[in-house]
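Asks: what follows is a predicted structure for the sequence shown.
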Amino acid sequence: MSETRETPTPDPAPIRRGGDADDQITLTTRAAGSGQVVIEVGGEVDMLTSPQLRTAVLEQFEPDAGTELVVLALDGVTFLGTSGLAALIEVREAAHAAGVELRLACTARRVLRPLTIAGLVPLFDIHENLDDALAAT
């Protein structure tokens, strides 16, 4: 897994994970406002890649992170397997424990269908797009 981080600045550059030929997931983390973080997810979220997603999200729940809201933008996901579903459940529980709000931004059937079949849709705050997810109260 490749990762690039830049020294924090008032407007930090996005943190990108993945992207190597062997990787099947890309994660781009960026600040969206005071206490708001967006993680854009692309590619496959399965047994091999779900640990990367889990790590990227859980980092936002550290006490010194100052995060109040995390939005997972999932329209770039091409496959969501059961390990990916388990990772989403885990980060949802961790967000609740940390007092951080977690929202999903997604309209892609390839993401919503597995969530629906597994009966998980009621557990998540799902919005049609990133702007709606960030603006929701």
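Replies: That came through, no problem. Residues are numbered from 1 along each chain as shown.
Asks: pull the residues that contact the lengthiest helix in the chain.
Replies: Using DSSP state H to define each element, the chain has its longest helix at helix 82-98. Outside of helix 82-98, the residues within contact range by C-beta atoms under 8 Å, 6 or more residues apart in numbering are 45-47, 49-51, 53-54, 57-58, 61, 63, 70, 72, 77, 101-102, 104, 114-115, 118, 120, 123-124. Heads up, the C-betas are built off the backbone N, CA and C, glycines and all.
Asks: average pLDDT for that helix, rounded please.
Replies: In this model, helix 82-98 carries a mean pLDDT of 98.
Asks: which parts of that helix are buried?
Replies: Buried residues in helix 82-98, counting neighbours by 16 or more other C-beta atoms under 10 Å, are found at S83, G84, L85, A87, L88, V91, R92, A94, A95, A98.
Asks: quick one: the longest strand along the chain to helix 82-98, angle?
Replies: Longest strand in the chain, counting residues (DSSP state E): strand 69-80. Put simply, strand 69-80 runs at 170 degrees to helix 82-98, going by axes from the mean of the first three to the mean of the last three C-alpha atoms, to 10 degrees.
Asks: elements contacting strand 69-80?
Replies: Here strand 69-80 touches strand 36-45, helix 82-98, strand 101-105, helix 109-117, helix 130-135, going by 3 or more C-beta pairs under 8 Å, 6 or more residues apart in numbering; DSSP states H and E.
Asks: output these as JSON lines; include the columns distance to I25.
Replies: Shown next, in JSON lines, are the helices and strands packed on strand 69-80 (distance: least, C-beta to C-beta, whole Å):
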{"stretch": "strand 36-45", "distance to I25": "4"}
{"stretch": "helix 82-98", "distance to I25": "9"}
{"stretch": "strand 101-105", "distance to I25": "16"}
{"stretch": "helix 109-117", "distance to I25": "13"}
{"stretch": "helix 130-135", "distance to I25": "18"}
